[in-house]
Every structure is written in C-alpha cells, then in structure tokens.
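J.: how would this look folded up:
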Amino acid sequence: MTAQQLISEQTKIDAEVWQIAGQLELEVATDGVISPEHYSERKIKTSWVLREPHDDEGGYDYKKDIVDRLNGNRIGRNKYFDPMRFLEYSLNNNFALWDDIPDSDKDVDVSNLLLNTAFTNINKIVGGARVRDWEIFWKNVRIFGSAVKRQIEVANPTIIIASGTIDFFKHFGFLENSISYPKTYRNYYVTGKQVVLDCYHLGQHTISQQNFCDDIILAVQDTKNRGLLN
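T.: Next comes the predicted model:
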C-alpha cells in the first residue's frame, strides 16, 4: 500500500473512531501508522499494539502529536517510545542489542526512527496511567474491535508487538492456524507472513527495559534465522 493509500484509509478509520466517541460522549485519541511516507518504504514493517491511551484527556491525534514533537525535538528518553525506535535501529543494524544502540535523547536520528513504525491502541478511550476497570476496558475493546482490525490490516505489518494485548489477537482470531515458538519471555506466533510477539506491557516493571527490548530483538532475529522473515 502506498503512502497516499495509507493516509486515505487511516483518515476513514479515524473518522469512524471519532463518530463512535461522539455517540459514547467519551474522549478518545486516534493512532496508527505514524508517518505513512516513512512506513511504506520499510521492508520489515513493525506495529505495536497497546492497550489504551495513557492520558487523562483525549481529543487529539497521536500520529500528528508525535510528528510535531519530533519536529520540535521534544521527545527524549521515553519508556514507551524507546523500545519502538530501538527495534527500528536494530533492524537497520544487523539486530543490534540494547548495549549497542545509541541513546534516543542524544542521537536525533535514533529518535526520528519513530517515524518508521505504527502503534495502535485496542481501546481508543483515554484511560489515565493504567487500566482501572477491566470489564469496561474489554467492553470498549469490543466497541472499537472492527476499527482496530482494519487498522492492522491496512498497516499490514511484518512484525506485530502485542504489548500486553495478546488476548486481543486470540479473541479476534488472528492466531488461528498459527505456529508458536518460544522466546526469552513468553512466545511468538507465526501466521502466514506475519509474526506476532507476545510481550509484556510497555509500562511493566517485571523486567528491565533492556531485557524487554532485547527479548523482542532476539525473537525477531530468531524468525530470520528460521527463515520465517524474508
């Protein structure tokens, strides 16, 4: 899909999300492919699928917000965004691990690698710093389920990082007929030409961010070594 096609499809999906939000009288934040121009040129496309916007107020587009902040050099070290750009750096540099990746707050080129990726929240309604009510959360996930599935289909990523969201992929049938392989933490799943990594949530405190990032990088390298990633 070309950059213009991505923009067109994302505009339609965003409009659907805003319409649903209006009907619910709730605040949302839209997301998806951050920069279609950069993303469309990637051979290995990565998409991070997260839970919900960690904000107390909605009414904005995450994609535009990130591009604006990058243009103003206003995204330094960040526990949510660093793993995304570190993975892009690793893919560009022979699967470099955490210790060999420059700090994002010191290297603007590393920081700007965010433009190469996509991220999608399965619940578009802002939820603050954590999920407060899982019953309401999954109710909202079902409400936005169709839009989220289309986002993933439109982005057509090679690598999906299910960051605390593997249950979404199981529930909506993404993992049917998939093959499971072990990685350092949990498993990854291969279905067709797509790889889905079951990972901890980005804000978790179970393992260090270094181990979190290296787990993902090593898993992606493993898919390459197995001939699963062309």
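
J.: next, the buried residues of the helix or strand of the chain with the lowest mean pLDDT.
T.: Sorting the helices and strands of the chain by mean pLDDT, DSSP states H and E puts helix 108-111 at the bottom, at a mean of 90. In terms of neighbour count (16 or more other C-beta atoms under 10 Å), helix 108-111 has its buried residues at 110-111. All C-beta spots, glycine's among them, are computed from the backbone N, C-alpha and C.

J.: shaky segments in this structure?
T.: Regions of the chain meeting the criterion pLDDT under 70 cover residues 128-130, 230.

J.: strands along that one, start to end?
T.: Chain-ordered strands for the chain, with DSSP state E as the definition, fall at 29-30, 32-33, 46-50, 60-61, 118-121, 159-163, 179-182, 187-191, 194-199.

J.: determine how far the last one lies from the middle of the whole chain.
T.: A distance of 11 Å separates the C-alpha centroid of strand 194-199 from that of its chain, computed with C-alpha atoms, centre = their mean, to the nearest Å.

J.: Met110 against Arg85, yeah?
T.: No Met there; residue 110 is Val. Yes - the pair Val110 and Arg85 passes the contact test of C-beta atoms under 8 Å, sitting 5.8 Å apart.

J.: joint contacts of those two?
T.: Shared contacts of Val110 and Arg85, defined by C-beta atoms under 8 Å, 6 or more residues apart in numbering, are found at Ser104.

J.: once you drop chain neighbours, what's closest to the spatially most central residue of the chain?
T.: If you average the C-alpha coordinates of the chain and look for the closest C-alpha using C-alpha atoms, centre = their mean, you land on Trp48, 1.4 Å from that point. Leaving aside its chain neighbours, Trp48 sits nearest to Phe119 (4.1 Å; criterion: C-beta to C-beta, 6 or more residues apart in numbering).

J.: what sits against that neighbour?
T.: Phe119 makes contact with 31-32, 34, 47-50, 62, 84, according to C-beta under 8 Å, 6+ apart.

J.: go with 10 Å
T.: Contacts of Phe119 were listed using C-beta atoms under 10 Å, 6 or more residues apart in numbering, and they are 31-34, 46-50, 62-63, 66, 80-81, 84, 151, 155, 161, 163, 202.

J.: now do it against Gly227, distance only.
T.: If you measure Phe119 against Gly227 using C-beta to C-beta, to the nearest Å, the figure is 28 Å.

J.: check contacts around the residue lying closest to Ser47 once chain neighbours are set aside.
T.: Counting by C-beta to C-beta, 6+ apart, the nearest residue to Ser47 once its immediate chain neighbours are dropped is Pro157, at 3.7 Å. With contacts taken as C-beta under 10 Å, 6+ apart, Pro157 has the following neighbours: 33, 39, 42, 44-49, 117-118, 120, 194-196.

J.: how about stretch 175-192: buried residues?
T.: Within stretch 175-192, the residues that count as buried by 16+ other C-beta under 10 Å are 175, 178, 181, 183, 185, 188-190.

J.: and that stretch, how far out from the chain's middle?
T.: Its chain's C-alpha centre lies 17 Å from the corresponding centre of stretch 175-192 when counted by C-alpha atoms, centre = their mean.
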